[in-house]
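Undergrad: give me a 3D structure for the following:
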Amino acid sequence: MTLQPRVAARTTVPGRLRPGQAEALKRWAEALRNGSSSELVVVPVGYGKTIIGVGSFEVAAGLVSADTCLYLTPTDVLRTQVYNGLEKALTTLGSSRPIRKILAENAAMGRIRATAANFIVATYQQVAAAPAGYEALCRERRVHVVCDEAHHLSESGRWAAALGALRPVSTLQLSATPVRLDRAEIAGARYVQDEGGLTIDPLVQVSMRQAWQERRILKHLNMQMKDYAVEVRSADGETRTFTASEMAELPDFDQRFVRQQLRWNEDYVAPLVNDFATTLRAKMELAPRQHQGLVFAATTEHANHLQRVFARWHPSLRCVVVHSVEIGDVENERRLRDFHEGRYDVLIQVKKANEGFDAPAVSVLLKLDAVFSREPVIQQFGRGLRFNHNLPEAQNLLNVFIGRDPRLAPIIEHLEREVPPAPLTRPAAGDGEDQQTLTGEPAEIDAGDEDPLRPEIVDVVEAGDAFLDHTGRFVEGQQLTMFGVEAPPPPSMTAPAPGVEVVDLAGELQAAIEYCRSWTNRAARERASRRGPGENHFATLNLAYSRETGRRGTLSTPEQYRHKGDWMKARYVELLG
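TA: Numbering: from 1, shown residues only. So this is what the prediction gives:
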């Protein structure tokens, strides 16, 4: 089987795209014309990175004759979202390009050749685990690569090394937060040297503020920061009182222990949990089944403790915990699925609501894990910022509850002015991490741990609230609200989108494999019941099929599997007599 005939590709973009999407594809086309083959586009969560990624293939097909797209993600969840969202993206782009999509686990080179797949969705791990096949693909085809969540690619990481050997005709990188926690450079991204160091230079960067101005992309934001007066007794018996926002005055060692003890302190946790629960219940009464809460816990034991706290103080809220220590992957997936389907009101999790966590119903967020740097906190906010199109714009509000901390300063500064990240001052030393699992926080202590040198919290008392909204208004002790915002007028009638031809090779292939397996099993069992267990009936039937049809070796296409399934079905009918 050969590739589909080339379809004239768009190098311009239709008017239904968001302004930032259209600008990104326009500049991508200009970059290709000017000889560039790799660029980075930065857009916030919910802005439609998949549309930009798919559109970049359409542009590359027209300008550099790309005939195959290799779309890469860091997680299976994101990979599935891209695969399932391809048709919608093509419709939005107004593309008429025939697409034969396939998932990487179905994408052995022989199968890609046989099925003429031209859109392969894989994870970085899959490419790094079997680089030879993807290198061969890039030699045989004119491949355009899309790197989603490109901040996972460290210059010295294994994933970037595998991608560096591919030699595609073009590459587009996508990210919402183009700064790595280890401050290393992103592999393949462009940096410019200025007086402060290396500054990333994306092709296009759409700010959160721009997304809010465009409307119906992000929820409005209201972050409530609760301050506390904390009395601490040091190891030498000295007692001092300070507010949580003044914690920077403590030695680093004391700061670490105070922060970690506060997460277990009932006087600290109770006001935050109560405000979180009260807000969530009020929203649920206003719009049933349209609001859920998300809690960020510090450790497995902390998450379990918070579940007990909610059960004791707020038993009407249906809570579920997900983490990777005591709960297996299958059970975690079931719990996450049940949460997405609305069977729970609150998800308490440890590092499970990561990129690809798509839950527009999450509208109340409680952060009780570490505040380390701005990028991971903004990523956490992104888990609840995605617009809920089942609600009017006036009710699309993300309420965030968090304790005051000096480390919040860069987050507040970012939300006030969206200042760019600090330049990189030096290249990272040693091997880079592929996945962004770094937290920058020392190992957590558990509630019962004893350390004679650590300070002891004597008392914790509320000391007032501060509020920050998405416009950058920062107010001490006065509630801000985003309700009452006038909904936008309904969109004008637009011409119907052109039909999109997408062949789901993964689904078609799996159905054909199951059909073949089912009739092979039936025929083998029926043959065994009539002739006894003295021989391998599966092997006998497979050998007979090969001799009769002349087909040997591994099957590759849905047609081949169905043909063999039909042959086995005929043998089964013959055995029945």
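
Undergrad: low-confidence ranges, the protein, go.
TA: The chain contains residues with pLDDT under 70 at 1-15, 106-107, 253, 416-422, 424-453, 477-499.

Undergrad: helices and strands around the lengthiest helix in it, which ones?
TA: Secondary structure assigned by DSSP state H gives helix 505-531 as the longest helix of the chain. Counting contacts by 3 or more CB pairs under 8 Å, 6 or more residues apart in numbering; DSSP states H and E, helix 505-531 packs against strand 99-103, helix 109-115, helix 537-549, helix 558-576. All C-beta atoms are positioned from the backbone trio N, CA, C, and that covers glycine.

Undergrad: what's in contact with whatever helix or strand Leu172 lives in?
TA: Leu172 belongs to strand 170-175 when assigned by DSSP states H and E. For strand 170-175, contacts defined as CB atoms under 8 Å, 6 or more residues apart in numbering pick out 28, 32, 37-43, 49, 52-53, 56, 60, 64, 66, 144-151, 153, 186, 188-189.

Undergrad: show me the contacts for Gln210.
TA: Shown in contact with Gln210 (CB under 8 Å, 6+ apart): 19-20.

Undergrad: let the chain start at 37 from now.
TA: In the new count, where the first residue is 37, that last one comes out as Gln246.

Undergrad: show me the contacts for the closest residue to Pro594 other than its chain neighbours.
TA: The spatially closest residue to Pro594, leaving aside those adjacent along the chain, is Ala548, at 3.8 Å (CB to CB, 6 or more residues apart in numbering). By CB under 8 Å, 6+ apart, the contact set of Ala548 is 593-598, 601.

Undergrad: distance check, the residue lying closest to Ser399 once chain neighbours are set aside against Asp288.
TA: Among residues not flanking Ser399 along the chain, His327 sits closest, at 4.8 Å (CB to CB, 6+ apart). Look at His327 and Asp288: by CB to CB, to the nearest Å, they are 39 Å apart.

Undergrad: looking at those two, which is more packed in?
TA: Neighbour comparison, His327 and Asp288: the larger count goes to His327, with 24 against 8 (by other CB atoms under 10 Å).

Undergrad: next one: phi and psi at the more buried one?
TA: With angles defined as degrees, to the nearest 10, His327 sits at phi -140, psi 140.

Undergrad: show me the domain layout of the chain.
TA: 55-242, 254-460+477-512, 540-612 (automatic domain parsing).

Undergrad: what about Gln415, neighbour count?
TA: By other CB under 10 Å, neighbour count at Gln415 equals 19.

Undergrad: repeat for Ser73
TA: 14.

Undergrad: not counting sequence-adjacent ones, nearest residue to it?
TA: Ser206 (5.0 Å).

Undergrad: buried residues in the longest helix of the chain?
TA: For helix 541-567, the neighbour count (16 or more other CB atoms under 10 Å) marks 541-542, 544-545, 548-549, 551-552, 555-556, 558-560, 562-564 as buried.

Undergrad: repeat that for stretch 380-390.
TA: 380-386, 388-390.

Undergrad: straight-line length of it, end to end?
TA: One end of stretch 380-390 sits 19 Å from the other (CA to CA, to the nearest Å).

Undergrad: what's in contact with it?
TA: With CB under 8 Å, 6+ apart, stretch 380-390 has contacts from 111, 113, 316, 320, 328-336, 338-339, 342-343, 346, 353-360, 368, 371-372, 374-375, 395, 398, 405, 416, 419, 473.

Undergrad: can you list the helices and strands packed on helix 541-567 in JSON lines and add distance to Trp300?
TA: Formatted as JSON lines, the helices and strands packed on helix 541-567 follow (distance: least, CB to CB, whole Å):
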{"stretch": "strand 135-139", "distance to Trp300": "43"}
{"stretch": "helix 145-151", "distance to Trp300": "53"}
{"stretch": "helix 573-585", "distance to Trp300": "58"}
{"stretch": "helix 594-612", "distance to Trp300": "56"}
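
Undergrad: which one of these lies closest to Gln161?
TA: strand 135-139 (13.4 Å; CB to CB).

Undergrad: paired strands for the closest one, with orientation please.
TA: Partners of strand 135-139 in the sheet, by DSSP bridges, are strand 155-159 (parallel), strand 538-540 (parallel).

Undergrad: what angle do it and helix 541-567 make?
TA: 60 degrees (axes from the mean of the first three to the mean of the last three CA atoms, to 10 degrees).

Undergrad: for strand 135-139, which positions count as buried?
TA: For strand 135-139, using 16+ other CB under 10 Å, the buried residues are 135-139.

Undergrad: any idea how far it is from the chain center?
TA: 21 Å (CA atoms, centre = their mean, to the nearest Å).

Undergrad: all strands for the stretch 237-386 of the chain, in order.
TA: Here the stretch 237-386 of the chain has its strands, by DSSP state E, counting those that start in this stretch, at 240-241, 256-269, 275-279, 328-332, 355-358, 382-385.

Undergrad: surely Gly500 meets Tyr264?
TA: No - contact between Gly500 and Tyr264 fails when scored by CB atoms under 8 Å: they sit 9.1 Å apart.

Undergrad: so which of those two has more stuff around it?
TA: Tyr264 (23 against 14).

Undergrad: burial measure for the nearest residue to that one once chain neighbours are set aside, as a count.
TA: Closest residue to Tyr264 apart from its sequence neighbours, by CB to CB, 6+ apart: Ala280 at 4.6 Å. Using other CB under 10 Å, Ala280 has 22 other residues around it.

Undergrad: surely Ala280 and Val268 touch.
TA: No - judged on CB under 8 Å, Ala280 makes no contact with Val268 at a distance of 11.2 Å.

Undergrad: which residues touch Leu591?
TA: Leu591 is in contact with 552, 597, 600, counting by CB under 8 Å, 6+ apart.

Undergrad: no further queries at this time; thank you.
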